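Enquirer: got a predicted model here, sequence first, then my questions.
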Amino acid sequence: MSFPPLENPNFEGYQVTRQMWLEYYNSHEGTFYARKKCNGCYDDHRFVVWAVAVAAQAIVDGARIYPELKPLIDPAIQIFQRYKNKQIKGYSAAENSGNDRDIYYDDDAQVASAIITAYEVTGDKKYLDQGRELVRFLMSGWNNNPNAKTRGGVHWHVSKNYLNACTTAEVAKACLQISKFLPQEAGTYIEFAANCIDWQIQVLQDPGDKLIRDGVSDNDTKINDVKWTYNVGATLSAAAHLYFVTRDQKWKQIAEDLANAGINRGVFFYDRDYDDSKRYWRDPSYFNQLLIEGLADYLLFVGEEVPRDLVERIHEEIQRHLIMFYEFMKDPKDGMYIQSFEPHNTYKEVYDTKYKKHFGDRKGWGLKGEDKDDKGNPAKCLMGYGAAARVFFQGARVVPHIDPYQF
C-alpha cells in the first residue's frame, strides 16, 4: 500500500483516533482492551493508566476539531474511574477495587490533563469536579520533607523518593490548566505551578544546553543526567503558560531558552549520527508528542513576543518531524503507527524502500522491543495510536497544512 504525501496533520490525527477506538475500545467491558497482549498491557488484555491517559487525551484533542468524536469523550474519561483509589483520590497504574496504591504522580498528571481538557471541550461540570479533585491530590506529591537532601519537586510515586522532571512539570501544567476555570482558587494553582518550574530550572536544568535532566532522589543530590524530549516539552508548556498569566519576564526567558533547546539539533535527544539536515528526535512518539505540544504552547502563550526567527525554526522543525513520522513510521498495510520515531527502527519494507534512499545504510534495520510481538513481528498498541494522534493534532497547531513535497 502506498500513501499520498502528508497534507493535513489534523485529518491524519483524526484517522488514527478513529481507528484506535475501533481497535481497542470494548463497549462490553467499558474499557480499552487488547485483543492480543501488546506494549502497555499489565496483563494479557488491559492497559496501564498512562496508556489510557494518552489515548483519552488524543480523543479530546480530536474532538476540539471534529465534533463527531465528542460522543467518545464520556466513555473514554469514564475508564479512569476503574483505576481510582477512592481513599486518597489518586489513580493507580492498574484497574483495581478502589484501594490500590501503585500510584504515579506523572501518570495522574496526564489523567488530569485529559479530564480538564474534556471539560474545556464539552463544558460538562463533572469533568471540572473530577479534575479539581485530582489536581488537589497531585499537589500533595510536593516534597516538603525538612530532612531531605534535595528539597522541593514533586515525587514520581506515592511511595518512592525519586523526584521526577516529568512529574513536576506535568503537575504544574495541570495546575495551570485548571486555574483558568476556577478563578477564586486560581492564585493557589498558579503559585504552586511557579514553585514547580522554579525548582525544575534551579535543580534539573543543565545550564549549558538548557535541557531538563530526568530527576533526583530526595535523599541524594546526584542528578540523573538523562535528558528526554518530554521533560523539555512539559516544562516549556508550563513556563510559557506562567508567562501568559503573570507577564513576569522571567518565565518568558525560561520558555525561550527551552524552545531553543528543544529544536537544537546538536543536543542529547537528537540522533547526531547524521549530518545536521537529517538529524531527528530519537525519543519515542509518546515522549515527542509532549515536546511538540510544548513548542505549540510556547507560540500560543507568548504569541507576538516570540522572536520571528524562532517562530520560523519551530515551524520548520515540527513540519520536518511530522513528515518523517508519517513517511517512516506509518504501517504500509493498515496506515497505523508504531511508537518509534527512528527511521531505521520501522517496518522492513519501509526500511528497504525509504530509509536506504534517504539515509543510505548508515544504520541497520531493527524493531524496538516495545514495537514487536514475542515472535519479532511489528506490533502496535494503544499508547502508540494515542501518541501518534497527538503528534499530528499538536503538530497541526503550528503546521495546519503541509505543502506538496517530494519524498
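Expert: Good, I have the coordinates.

Enquirer: test my guess that residue 178 contacts residue 132.
Expert: Yes: at 6.2 Å, residue 178 counts as touching residue 132 under the criterion of Cβ atoms under 8 Å. Quick note: C-beta positions are derived from backbone N, CA and C, even for glycine.

Enquirer: so between these two, which is more surrounded?
Expert: Ranked by neighbour count (other Cβ atoms under 10 Å), residue 178 and residue 132 place residue 178 first, with 22 against 19.

Enquirer: how about the more buried one, secondary structure?
Expert: helix (DSSP: H, G, I helix; E, B strand; the rest coil).

Enquirer: what sits against it?
Expert: Counting by Cβ atoms under 8 Å, 6 or more residues apart in numbering, residue 178 touches 112, 116, 128, 131-132, 135, 189.

Enquirer: from residue 128, how far out is it?
Expert: Going from residue 178 to residue 128 by Cβ to Cβ, to the nearest Å gives 8 Å.

Enquirer: what sits in contact with each of the two?
Expert: Joint contacts of residue 178 and residue 128 (Cβ under 8 Å, 6+ apart) are residue 116.

Enquirer: in TSV, list the contacts of residue 178 along with distance to residue 82, pLDDT and secondary structure.
Expert: Written out in TSV, the entries for these read as follows (distance: Cβ to Cβ, whole Å; pLDDT from 0 to 100; DSSP: H, G, I helix; E, B strand; the rest coil):
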residue	distance to residue 82	pLDDT	secondary structure
112	16	98	helix
116	19	98	helix
128	21	98	helix
131	17	98	helix
132	20	98	helix
135	20	98	helix
189	27	98	helix
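
Enquirer: biggest separation within the residues you listed, which pair?
Expert: Spanning the widest gap among the contacts of residue 178 are 128 and 189, at 13.0 Å by Cβ to Cβ.

Enquirer: and those two? Which one has more around it.
Expert: residue 189 (23 against 18).

Enquirer: you'd agree the more buried one is up against residue 135?
Expert: Yes: Residue 189 is in contact with residue 135 according to Cβ under 8 Å; the separation is 7.0 Å.

Enquirer: what touches both of those two?
Expert: Joint contacts of residue 189 and residue 135 (Cβ under 8 Å, 6+ apart) are 175, 178.

Enquirer: now the closest residue to residue 7 other than its chain neighbours: how far from residue 385?
Expert: Nearest non-adjacent residue to residue 7, counting by Cβ to Cβ, 6 or more residues apart in numbering: residue 402, 5.6 Å away. As for residue 402, its distance to residue 385 is 21 Å (criterion: Cβ to Cβ).

Enquirer: check contacts around residue 370.
Expert: 39, 284, 339, 381.
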